[in-house]
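# here is a sequence together with a model predicted from it:
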Amino acid sequence: MGRTGSSTDPPDGRERGRLRPEEGFVPPEPGVDVDDLIAEPYASVADARDRLAALEARFRNHDDRRAVFLTVYVAVTERVQERIEAGEFRDPAWVADYLVTFADYYRRALLAYERGNAEAVPDPWVLAFDTARRGRALVVQDALLGINAHVVHDLALAVHDVGVDPNRPAKHADHVAVNDVLRRLIDAEQRLLADHYAPGLTELDASAGRIDEALASLSLEEGREFAWHGAVARTDLRTSVADRAVRWLLEAVATGNGRAILAPNDSPLLARLRELESGA
């Protein structure tokens, strides 16, 4: 796969595919072997769902925190698949293609990361994968970093790939209809994260402010509408300059969001939140 970012270096002059070394995000040593689950493109929604679920289980069995995002992602994929099969979208074939193409962006980023091909991993995914592998962030941060990288960076590229035309209004309506699926899943996702990783998460959410708003702002209307406009811009402008600009913007915004999710990354408050999240 070619790199999802611009073919030119970003304005700060850093090496493409790597965050600045002083920020400390250096890919860790290889861990659990998942190549058999990610080497080939997804063939269908069911194939994506099954392999994502197997990947989640393998990461979780090895205490690899990259499982956290997948716990959320598998739940979303299953629910959208149910809605497709129930005929609740205007163009179910397009939504199925949309779902598989979107999942493949995650698969390709993870495959490049696992194989040490740093230049092919978008920066927001480097940030999400490295943070999860280190296991020092909050579970909520791991979930949000994955959601941010996938929605804010990948989704516009996937929607452009499957096409916003013909019948753009109907496709936009289906794109928006997925928001309802995500909105209804927020509480269920929180329970899954509490059950598997952070038993104190439910109490923490009630006492320190619900994470629902953070999840919604990244995965629902704002992030997804941003993605739609990015796909439309690439479709309508049809120039290499515009394409590079959109790609760079997606990566810059998603990387900035990721840094904000991790800030402050070392404080007494964060340590206390980690204790509460663990149920201590």
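Happy to help now that I have it.
# quickly find the element holding the nearest residue to V159 once chain neighbours are set aside.
Once flanking residues are discounted, V159 sits nearest to A231: 3.8 Å by CB to CB, 6 or more residues apart in numbering. C-beta: built from backbone N, CA, C; applies to glycine. Element membership of A231, judged by DSSP states H and E, is helix 221-237.
# do E56 as well
In the assignment (DSSP H and E), E56 maps to helix 45-61.
# picking that back up, list the contacts of the helix holding A231.
147-148, 151-152, 155-157, 159-160, 163-165, 168, 172, 175-176, 178-179, 217, 242-243, 246, 249-250, 253 (CB atoms under 8 Å, 6 or more residues apart in numbering).
# please apply the same query to stretch 92-109.
With CB under 8 Å, 6+ apart, stretch 92-109 has contacts from 1, 4, 38, 41-45, 47-48, 52, 73, 77, 80-81, 84, 89, 120-122, 125, 129, 149-150, 154-155, 157-159, 161-163, 171, 174-175, 178.
# ok, of the residues you listed, which come out buried?
Neighbour-count burial (16 or more other CB atoms under 10 Å) applied to those gives 4, 38, 42, 45, 48, 52, 73, 77, 80-81, 84, 89, 120-122, 125, 129, 149-150, 154-155, 157-159, 162, 171, 174-175, 178.
# in strands, which of those fall?
With DSSP state E as the criterion, strands contain none of the buried ones among the contacts of stretch 92-109.
# excluding chain neighbours, what is closest to A39?
Leaving aside its chain neighbours, A39 sits nearest to L111 (6.7 Å; criterion: CB to CB, 6+ apart).
# neighbours of the one you found, how many?
L111 has 20 neighbouring residues, counting by other CB atoms under 10 Å.
# in the longest helix along the chain, what counts as buried?
Assignment by DSSP state H gives helix 168-196 as the longest helix of the chain. By neighbour count with 16+ other CB under 10 Å, helix 168-196 contains the buried residues 171-172, 174-175, 178-179, 181-182, 185-186, 189-190, 192-194.
# same question for stretch 78-98.
Applying 16+ other CB under 10 Å to stretch 78-98 flags 79-81, 83-84, 89, 94-98 as buried.
# and which of those is nearest L276?
Nearest to L276 out of those is R79 (CB to CB; 28.8 Å).
# which strand or helix spans A93?
Using DSSP H and E, A93 sits within helix 92-114.
# what's the mean pLDDT across that helix?
Helix 92-114 shows a mean pLDDT of 97 in the predicted model.
# ok and that helix relative to helix 168-196, angle-wise?
Here helix 92-114 points in a direction 50 degrees away from that of helix 168-196 (axes from the mean of the first three to the mean of the last three CA atoms, to 10 degrees).
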